[in-house]
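[1] got a predicted model here, sequence first, then my questions.
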Amino acid sequence: MMSELPPQPIQIGGDPRTFSEYVTLRDEIGKLSHPARPDVDWRHVEKLCLALFELNGVELQSASWYTLARIHTAGVHGLNEGLSILEALIACQWTVLWPQAMSARMDIISTLVRRLQNFLRCCMFQHQDELTGLYRSEALLQSLRDTLTGYGMRDAGQTGALYEQIKSAIVHLKEGAVNMPQPLSEPPTPKVYVTQPTVGASASMLKPFVSGACCTLLAGAMVLGGVVWFRYEQMQQQAHMEQQRRVKEAIPFERLQSWQQGMAELQQLTEQLNRLDKTRGKYLTVSELKSSIFSVMQAFNQHPPVEEQLRRYAEDEGNQSGEQVQIEILLRQLEYRYQLLREEKGN
């Protein structure tokens, strides 16, 4: 007998901008606005979103990017998966959802809707069995639009236009007027259907029907639970690999010590000079003073802090391209170290 698989809830997330996954996601999605229009790796975007959900929880921006990735990798099925997450977040977690600013929320939703519309214009539908998914999209968008309107969001984040576009696709599909290739698809997800018994059915007919329906429901739940568990295991493995990568790329602790070491040596020199000032006949030779100052300067110059590198870059000192690369590497290393320290401290 198979034991029941435990649910794997994902918590509501806070500000994700300190996570490397967010930075990588932002850069990947940023390709959509690049003049050269490089290809976006939507599979990678989807994996990064799942990793961010695991590390930080779900918030509005990453949920929107996940929805965009899913429609590119799984068509209407993926769109509905993303819209379901967004609808639940907005309906139930609006007061605590990140970001808090209404203008930022409106911008995220409007941008998502515009990009979904652009995708759907190029990806129409030709199979009648896609109607079920489109009807689900229509219902989710209707609910989302009503919820956003209730919150006072102007034009409901332009969800009404996307809603009408889905309705138009449904009409064309029902009329059999559209014949274009489908988007990327993924293996079908198991679905469970529960049929309601007909009123007035006899007890002798109802018993075997109920038994069969229960068996079907149990089998479907076991398969679906296995799929959910498999995806959760994938997320766990990916999160572990990402953790190892951050540990490897984080700035070493030794580099964090150079400024503190220089300050400690400078403090020792100051105390030594103060003591000599109070003692008649005691002094430092020029050679001893130069040696002490050299040691302090060596500690400071061993690893210049990012503030100093930014100053050099701002004042056009030295090799600009080299400075830029060094600054970007150092900022990324510092960010990884900060994330690891936060996790160690439970923040």
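    In hand now; what should we look at? Residues are numbered from 1 along each chain as shown.
[2] assign Ile71 to helix, strand or coil.
    helix (DSSP: H, G, I helix; E, B strand; the rest coil).
[3] please disregard the earlier target; I meant Phe294.
    helix.
[4] pull the number of nearby residues for it.
    Other residues within reach of Phe294, judged by other Cβ atoms under 10 Å, total 10. Backbone N, C-alpha and C define where each C-beta goes, glycine included.
[5] what of Val296?
    19.
[6] same deal with Glu315?
    Neighbours of Glu315 (other Cβ under 10 Å): 8.
[7] so for stretch 43-50, what gets flagged as buried?
    Within stretch 43-50, the residues that count as buried by 16 or more other Cβ atoms under 10 Å are 45-50.
[8] now, those that are in helices?
    Residues of the buried residues of stretch 43-50 located in helices (DSSP state H): 45-50.
[9] from those residues, which single one is nearest Glu81?
    Glu46 (10.4 Å; Cβ to Cβ).
[10] quick one, what contacts the nearest residue to that closest one once chain neighbours are set aside?
    Leaving aside its sequence neighbours, Glu46 sits nearest to Ala69 (Cβ to Cβ, 6 or more residues apart in numbering; 4.2 Å). Counting by Cβ atoms under 8 Å, 6 or more residues apart in numbering, Ala69 makes contact with 42-43, 45-46, 49, 78, 82.
[11] how far off centre is stretch 248-266?
    31 Å (Cα atoms, centre = their mean, to the nearest Å).
[12] residues touching that stretch, excluding its own?
    292, 295-297, 299-300, 302-303, 305, 330, 332-334, 336-337, 339-340.
[13] kindly confirm my reading that Gly152 is in a strand.
    No. Applying three-state DSSP, one finds Gly152 to be coil, outside a strand.
[14] and the gap between it and Leu276?
    As judged by Cβ to Cβ, to the nearest Å, Gly152 and Leu276 stand 71 Å apart.
[15] neighbour-wise, which of these two wins?
    Leu276 (13 against 8).
[16] can you count the residues close to the closest residue to that one other than its chain neighbours?
    The spatial neighbour of Leu276 that comes closest, neighbours along the chain excluded (Cβ to Cβ, 6+ apart), is Lys282 at 4.6 Å. Counted by other Cβ under 10 Å, the residues lying close to Lys282 total 10.
[17] my read is Lys282 is in a strand, agree?
    No. Remark: Lys282 does not belong to a strand; assigned using three-state DSSP, it is coil.
[18] what are the phi and psi angles of it?
    Torsion angles at Lys282 (phi, psi; degrees, to the nearest 10) stand at phi -100, psi 140.
[19] report pLDDT for it.
    Per-residue confidence (pLDDT) for Lys282: 79.
[20] what does Ile327 give?
    Reported pLDDT for Ile327: 80.
[21] out of the ones in helices among the buried residues of stretch 43-50, who's nearest Leu116?
    Using Cβ to Cβ, these come closest to Leu116 at Val45, 14.4 Å.
[22] the buried residues of stretch 43-50: which two are farthest apart?
    Farthest-apart pair in the buried residues of stretch 43-50 is Val45 and Leu50; separation 9.9 Å (Cβ to Cβ).
[23] which residues do these two both contact?
    Common neighbours of Val45 and Leu50 (Cβ under 8 Å, 6+ apart) are Tyr66.
[24] contacts only, for the residue lying closest to Asp15 once chain neighbours are set aside.
    Distances taken as Cβ to Cβ, 6+ apart put Trp98 closest to Asp15, at 5.6 Å, once the chain neighbours are dropped. Neighbouring residues of Trp98 by Cβ under 8 Å, 6+ apart: 13-16, 59-61.
[25] turn those residues into CSV, including pLDDT, neighbour count and secondary structure.
    Rendered in CSV, the data for the contacts of Trp98 read as follows (pLDDT from 0 to 100; neighbours: other Cβ atoms under 10 Å; DSSP: H, G, I helix; E, B strand; the rest coil):
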residue, pLDDT, neighbour count, secondary structure
Gly13, 89, 21, coil
Gly14, 91, 14, coil
Asp15, 92, 13, coil
Pro16, 93, 22, coil
Glu59, 94, 23, coil
Leu60, 95, 22, helix
Gln61, 96, 26, helix
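[26] helix or strand: which one has the spatially closest residue to Lys174 that is not a sequence neighbour?
    Distance criterion Cβ to Cβ, 6+ apart; nearest residue to Lys174, sequence neighbours excluded, is Leu131 at 7.0 Å. Per DSSP states H and E: Leu131 is located in helix 131-150.
[27] next, the buried residues of that helix.
    In helix 131-150, counting by 16+ other Cβ under 10 Å, buried: 133-134, 136-138, 140-145, 147-148.
[28] from Ile170, how far off is the residue lying closest to Arg70 once chain neighbours are set aside?
    Once flanking residues are discounted, Arg70 sits nearest to Gly78: 3.0 Å by Cβ to Cβ, 6+ apart. Going from Gly78 to Ile170 by Cβ to Cβ gives 18 Å.
[29] neighbour count for these two, which is higher?
    Higher neighbour count among Gly78 and Ile170: Gly78, with 24 against 17, using other Cβ under 10 Å.
[30] ok, that one touching Ser84?
    No. In this structure, Gly78 is not within contact of Ser84 by Cβ atoms under 8 Å, at 10.7 Å.
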